[in-house]
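A.B. asks: Okay, sequence plus prediction incoming.
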Amino acid sequence: REVALAEMLRLEGWRGTSKEGCPLCPHGKRRLPRVRCDDCWNSAVLCESCCVEKHGDNPLHRVKQWNGSYFEPTTLQALGLVIQVGHPPYERCAHPQPALRSFLVMHTNGLHPVTLLFCQCQQAHQAGTRYQQLLRAELFPSTVQDPTICCTFRMMEQFHMLTLQSKITAYDYYTTLSKLTDNVGLAKSYDCFKPFLRLIRQWRHLKMLKRAGRGHYANGSKTTQPGELCVTCPACPNPDVNLPDNWQSASDDLKYAYTTVIALDANFRLRRRAVSNESRDPALSSGWGYFVADKPYREYPKDRVDNDEVNYPPHEYLVTVAANNKFTKGYSTSGVVLAIDARHGFVLPHGIGDLQKGERYSNVDYVVASAWKLLPPTLQRVISYDIACQWATHFLSRVDALPPHLQFEIPENGDLRYAIPKFHFRAHKHDGHDQFSLNLMPGVGQVDGEEIERNWSRHNQVAYSTREMGPGSRHDTLEDHFGFANWQKFVDIAFAIRRKLKDAGVEKVVHDKIYIDFCEQLQHENVALWTQQVIEWEKDTKLPSPYHIPSSGVTEAEVKAQLLEDDGEVGAEACPSGKHVTAVAMMISLFDMEQQKTSYPRLNSAQPLRTAVVVEKRRALQLSLDKLRLQQAAYMPIVPQLLARRTRGAGVDELPEEESLFFPSDLTVDELRSCTPGIADIEERLRDGQLHDALDKLRLHLHIKTRLITFKDRNVRNQVANTRARSKINANEVKVRVFAAKYRRARNAKLRLSGPGEWEKTWRPLMDNDIRTLRGDLTEMSLRLSGMTAGESEGRKRTSWIWMSADHLHLLLLALRVEFLKARARCHCFAEEIRSLQHDQRRMLIGLEKAALVWESRVHSEHKQDFIVRDGLASYAAEQADLRRRLVQ
């Protein structure tokens, strides 16, 4: 440490160089050295003349001059350096014309005032305008006429890569350059931020045009087609590029190879404040890239109301309106909707559109239709959307109302399907939703639909800078970031396909074995029957789903729906004057709060109780609880008194997760008399639904437990696999305990409400030894996991009452059917995934080779008159062709 510190301080002085004479001056004419360069590798102290001469090729280095006490910053301009443009290197101009004295150049190491000379000699016609002379010197001028500020190409390249990779803002980068120039603020300051912003936009736009090959066309950017500036996927099916001639006649079992999966999602972080407007700040490439053409898109949703939103029930309509208006005050754009290729993750051309106010169907429909029109034709298409179950209901009828230029041919015979992403699917009800599951849908392999969420994790980082931009600046910036994301996928696609193939091969072996074991253990007639049922359902999903296990009674959700329906029939009488919610709605909220509290993470004594995360969760829970107390007081006026009495008795405030909710079942008979009549009946009906739900789910997870334990005993041997299997068993065991606790709470509440009666024959007390599986052929370890004891033989085994209270054989058969069909679906999905990846690999190789040939055809572009420009066009085209061939290798 001391050595390093001493060496750093040593560099502040003369560094051991001679103070007597400049080392570059001729012998006998040596001048006193006074200037040192901080950017040169050999930072010797030179005289002013030698320093200027040495920096003819590096005019933007930072130099310091000895003032008698220390080396103070100065500039090469102050030392007399002059920069000549308009001529080849080392060639002098006969009649140079100086630029303004205040000419400034922004470089990677700071801001530099320079003395600049333009060409005005007889070769001026070859040198071009001042704008062209600067560009040919790799200086990007901020204005076309009489520029006074420039950015070097190296600086633009550096900022461009930094902002794309690390998401640094233009302000932070410019501030960094200012601090590198003068970190104290005592020197002359320069205000170049606005010109810098203009140059960034132009640079992004020109780079997109260059990489799309528009400079190789005779008309340049004038004839750019919609979506042409996008980086597209070389592995996706495209009849003009990488498909065989007979692809349209593929049989049904091969259609998966010609299927396009589109993933949709909205993002409310990429908002934009109500600053500027489209006329003052238009986009430079509107409609040429990933965003839809701006003007027609803005006109379409105006004064348009979605039919589905109008047809919502009153309580759902209010929720929809509230969601669409949330966080929109002060913003002209509330977010974006995005469409990507779900298999490879590429953002689709015309796959992005702004959301004016919430996630309206009209915006989503427009973006889907725009992206659809630019996609190559394929045999099948799947649209994955987290609310596909609602959005798809009238999608085809809404397509007919789209503008004529967006009308497209609707696929027939089930060639257009809708799906819900795998992670989001868990939040939806399972009844009637199996046809939307990507886990069960044939022809999609292992596509999870969540790639679009992984896209957001990268692009959300630019939200803080783009929300303050004008509409055009924001579009150009986001276009650039989405293009960079596509380019990263483009160069990595060969490795990604190879990695997925390897992983899918390993998983296929595992799931093939599970499926074969199932087929061998089950009765052959059941295997044949269930297989036939699922094949018929896959052809027509309107048939009853073989993956669905019907409930043995009225579920909690059905009870809630019936109560809400009764509320709607009662009308205004259901919500008396002065009360903002009905008694049913209040009780449902109370049950939701009970569920929320039971899922609240318990803290052990070793954890710090005042961490920021815990405090925030408790604060949110307390706010919800306070809001519920206001509703509860309207129908149960005794509750505020009980809360006050409880607080006085405890002396300290209870934690929100420990606070009693005071259901009607928690009150005494006298306390219940002060509540609204019928409130206890509502709870009892909801508790009945809970009892049915909890017991059904308990049985189901005990069935799953049996399958997990059996698989572990028969197939798992090494430690890694054993740990993984054990973690799955433990996760399922948590669910078993959750539903057991839910059943007990519901039964205790019903007992307090109804008292002893005939219902107890059906809903018996649930003891710990009642929570057991049906299987008896398990190992000693598995017996402990299943709830049986090692000393309990088959002859003495007692069946739990939970299997006697329903037709457990029928439920077991249904559960086995579902598990068998899911094992079959997983087996088939991995087989499809491997075959799809093999097709992707073949198409990728053909696509990259075709792209290389396209670039090679541009090598001999003859439309430019200037031979130097033609030379640059040929060189760039050859480089791009070679790059694509190297990606193939």
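C.D. replies: Sure thing, it's come through.
A.B. asks: which intervals of the stretch 451-600 of the chain have sub-threshold pLDDT?
C.D. replies: 551-560, 564-580, 599-600 (pLDDT under 70).
A.B. asks: swap the cut-off to 80 and go again
C.D. replies: Along the stretch 451-600 of the chain, the parts satisfying pLDDT under 80 run over 521, 549-581, 597-600.
A.B. asks: Which stretches in it count as helices?
C.D. replies: 451-459, 463-466, 471-521, 524-539, 556-570, 583-598 (DSSP state H, counting those that start in this stretch).
A.B. asks: Could you give me the buried positions within the shortest one?
C.D. replies: Think helix 463-466. In terms of neighbour count (16 or more other Cβ atoms under 10 Å), helix 463-466 has its buried residues at 463, 465-466. (C-beta placed from N, C-alpha, C; glycine too.)
A.B. asks: Let me have the residues you listed in JSON lines, extended by distance to N58.
C.D. replies: Listed next are the buried residues of helix 463-466 as JSON lines, based on distance: Cβ to Cβ, whole Å:
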{"residue": "A463", "distance to N58": "39"}
{"residue": "S465", "distance to N58": "33"}
{"residue": "T466", "distance to N58": "36"}
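A.B. asks: Looking at the residues you listed, which one is closest to P640?
C.D. replies: A463 (42.9 Å; Cβ to Cβ).
A.B. asks: if I pick the closest one, what's in contact with it?
C.D. replies: Going by Cβ atoms under 8 Å, 6 or more residues apart in numbering, A463 touches 269-271.
A.B. asks: Show me the shaky parts of the stretch 651-800 of the chain.
C.D. replies: Along the stretch 651-800 of the chain, the parts satisfying pLDDT under 80 run over 651-658, 700, 703-704, 706-708, 710-721, 724, 773-800.
A.B. asks: Quick one: closest of the helices of the stretch 451-600 of the chain to H703.
C.D. replies: It's helix 471-521; of these, that one is closest to H703 (Cβ to Cβ) at 13.7 Å.
A.B. asks: between the helices of the stretch 451-600 of the chain, which one is nearest to Y70?
C.D. replies: Using Cβ to Cβ, the nearest of these to Y70 is helix 463-466, at 39.0 Å.
A.B. asks: Kindly format the C-alpha coordinates of the closest one as PDB.
C.D. replies: C-alpha atoms of helix 463-466 as PDB (Å, rounded to 0.1, in the frame of the first residue of the first chain):
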ATOM      1  CA  ALA A 463     -37.300   3.700 -18.100                       C
ATOM      2  CA  TYR A 464     -36.100   6.600 -15.900                       C
ATOM      3  CA  SER A 465     -34.400   8.400 -18.800                       C
ATOM      4  CA  THR A 466     -37.000   7.700 -21.500                       C
END
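A.B. asks: How much space separates A485 from V491?
C.D. replies: The spacing between A485 and V491, counted by Cβ to Cβ, to the nearest Å, is 12 Å.
A.B. asks: ok, these two, which is more surrounded?
C.D. replies: Legend: neighbour count by other Cβ atoms under 10 Å for A485 and V491, higher for A485 (20 against 13).
A.B. asks: So that one sits against S457, correct?
C.D. replies: No: taking Cβ atoms under 8 Å as the definition, A485 is not a contact partner of S457, at 10.8 Å.
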